[in-house]
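> My questions concern the predicted model and sequence given below.
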Amino acid sequence: MKIYNTLTRQKQEFVPITENEVKMYACGPTVYNYIHIGNARPLVIFDTLRRYMEYRGMKVTFVQNFTDVDDKMINRAKEENTTVKELGERFIAEYFDDAKALGVRAATIHPKATENIDAIIDVIKKLEENGYAYCVDGDVYFAAKKFAGYGKLSKQPLEDLEAGARIEVGEKKRDPMDFALWKKQKEESEPAWESPWGMGRPGWHIECSAMVNRYLGETIDIHAGGQDLIFPHHENEIAQSECANGKPFSHYWMHNGYINIDNRKMSKSLGNFFTVRDVRKKFDGEVIRYFMLAAHYRSPVNFSDELMEQAKSAVERVYTCIDNLEFLLGSAEDKPLIETELSEKLDGFKDKFIEAMDDDLNTAGATAAIFDIVYAANTELTGESSKAIIEKTLGLIRELGGVLGLFQKQKKSIDAEVEELIEKRNKARAEKNWTEADAIRDKLKEMNIVLKDTPTGVQWSYAE
């Protein structure tokens, strides 16, 4: 498998540190709000990378953190008159709700910054001992210019980085390029922990270095995240980790491209900022996932209702094929596979899928291979086909779809679907969301279902 390495700016053969084992870290969200559609892309992409590596027989230890203390969280908690801890717990739960809808599996480990303060302090102490960190009145900073490799990930000359650097109000660092490792507690209401430098909390960049070190080791195989994290976050992670440990931090760096909204950069000020929760009101999570995988992960993608409708149609087309194959399977004769030409063609589509995924996780090419199978199924399989070829075709769609986290849903019975809709209606009524409750009742009516609200709950029946 070849991976485009941001560090070298070229595709490289992936060779893990330990044969058939992969240590991978991806930066997770700051949990002060629902994740937005831009956050969803790295979640889906690197979940897919993990799935594919496991499909190829590798053992993957995947760590994705939660930043559960920082300035945004402190400000949001004040606005809502709650604690930073309560805010974080609420939005971590909301994260898992969205992630599940997107088909994103839980990481091997989901560490929180607040649960790793001791590990963070240990790394900062190492940096002090090695001469790369200094304390000023309770704040600890990293001396960026002391690290000769600073800028090697973003490929920016030091003079260009210096031109954009500045000292914020209240900062006491020696040089504009330096960045905070530990922040002194400003007021008693702020979350803070004891440290050799006084009460305070970690800076943003240091938490990832500490958690990689604790859960994966001093050198890892893959570090991943969105393109926006290349500088300064990942650049600073490299500097901290390599100065603390004296070893390379990560052999491969992978970054996904941006998502634009109707050909414009997503921004709250432009009014085109969408959370995953917003989008899920119109489109199923699997449709969102398919949309993310239909393009190459390093390419920028444009998000619009029109493109999402196209993604929805594509997903429905595959499920229609699955339904047809399951129907044919119900009456197919149990005879040996006689369609050798089609069988060989299916093997070729599987090879095409693997070839695409081996080429820097080309999920666009991989989905195209699945649609080749769908086309072959729709044009070449009939009620006269052998049970063996139908099973092979159906199994291959499910198998390759599973690698992408797609096309795994089983057809629901009408009863199960009705019960699920009634449960959603009950929840809407409890939340006094009468519009949603009425919309669900109308949908059930279209399905020829009659509801009757009784003192003991909702009863339903088919209309006569």
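On my side now, so go ahead. Numbers count the residues shown, from 1 in each chain.
> and stretch 136-150, how far out from the chain's middle?
31 Å (C-alpha atoms, centre = their mean, to the nearest Å).
> cool, stretch 31-40 as well?
Distance, centroid of stretch 31-40 to centroid of chain: 10 Å (C-alpha atoms, centre = their mean).
> ends of that stretch, how far apart?
14 Å (C-alpha to C-alpha, to the nearest Å).
> which helices and strands sit right next to the longest helix that the chain contains?
With secondary structure taken from DSSP state H, the chain has its longest helix at helix 305-331. The helices and strands touching helix 305-331, judged by 3 or more C-beta pairs under 8 Å, 6 or more residues apart in numbering; DSSP states H and E, are helix 285-293, helix 363-380, helix 387-404. C-betas here are computed from N, CA, C, even on glycine.
> Just the CA coordinates for the shortest one, please, in PDB.
Only the C-alpha atoms of helix 285-293 are listed here, as PDB (Å, rounded to 0.1, in the frame of the first residue of the first chain):
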ATOM      1  CA  GLY A 285     -25.700   9.200   8.100                       C
ATOM      2  CA  GLU A 286     -24.700   6.600   5.500                       C
ATOM      3  CA  VAL A 287     -25.400   9.100   2.700                       C
ATOM      4  CA  ILE A 288     -23.100  11.600   4.400                       C
ATOM      5  CA  ARG A 289     -20.400   8.900   4.700                       C
ATOM      6  CA  TYR A 290     -20.800   7.900   1.000                       C
ATOM      7  CA  PHE A 291     -20.500  11.500   0.000                       C
ATOM      8  CA  MET A 292     -17.200  11.800   1.900                       C
ATOM      9  CA  LEU A 293     -15.800   8.600   0.300                       C
END
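> which stretches of the stretch 151-300 of the chain form helices?
158-164, 204-215, 235-245, 276-280, 285-293 (DSSP state H, counting those that start in this stretch).
> Counting by contacts, list what the helix-or-strand element of the chain with minimal mean pLDDT packs against.
Least confident helix or strand, the chain: strand 457-462 with a mean of 78, by mean pLDDT, DSSP states H and E. Judged by 3+ C-beta pairs under 8 Å, 6+ apart, the packing partners of strand 457-462 are helix 414-430, strand 449-454.
> Comparing those, which comes out most buried?
Stretch with highest mean neighbour count among these: helix 414-430 (a mean of 14; mean count of other C-beta atoms under 10 Å).
> which residues touch that helix?
412, 434, 436-437, 440-441, 443-444, 447, 449, 451, 458, 460 (C-beta atoms under 8 Å, 6 or more residues apart in numbering).
> Convert the C-alpha atoms of whichever helix or strand comes after it to CSV, please.
Later in the chain than helix 414-430, the nearest helix or strand by DSSP states H and E is helix 434-446. The C-alpha trace of helix 434-446 is given here as CSV (Å, rounded to 0.1, in the frame of the first residue of the first chain):
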residue,chain,number,x,y,z
TRP,A,434,-45.2,19.1,18.0
THR,A,435,-44.1,19.7,14.4
GLU,A,436,-41.8,16.7,14.4
ALA,A,437,-44.5,14.5,16.1
ASP,A,438,-47.1,15.5,13.6
ALA,A,439,-44.7,14.9,10.7
ILE,A,440,-44.0,11.3,12.0
ARG,A,441,-47.8,10.7,12.4
ASP,A,442,-48.3,11.8,8.7
LYS,A,443,-45.5,9.5,7.6
LEU,A,444,-47.1,6.6,9.4
LYS,A,445,-50.5,7.5,7.8
GLU,A,446,-48.8,7.3,4.4
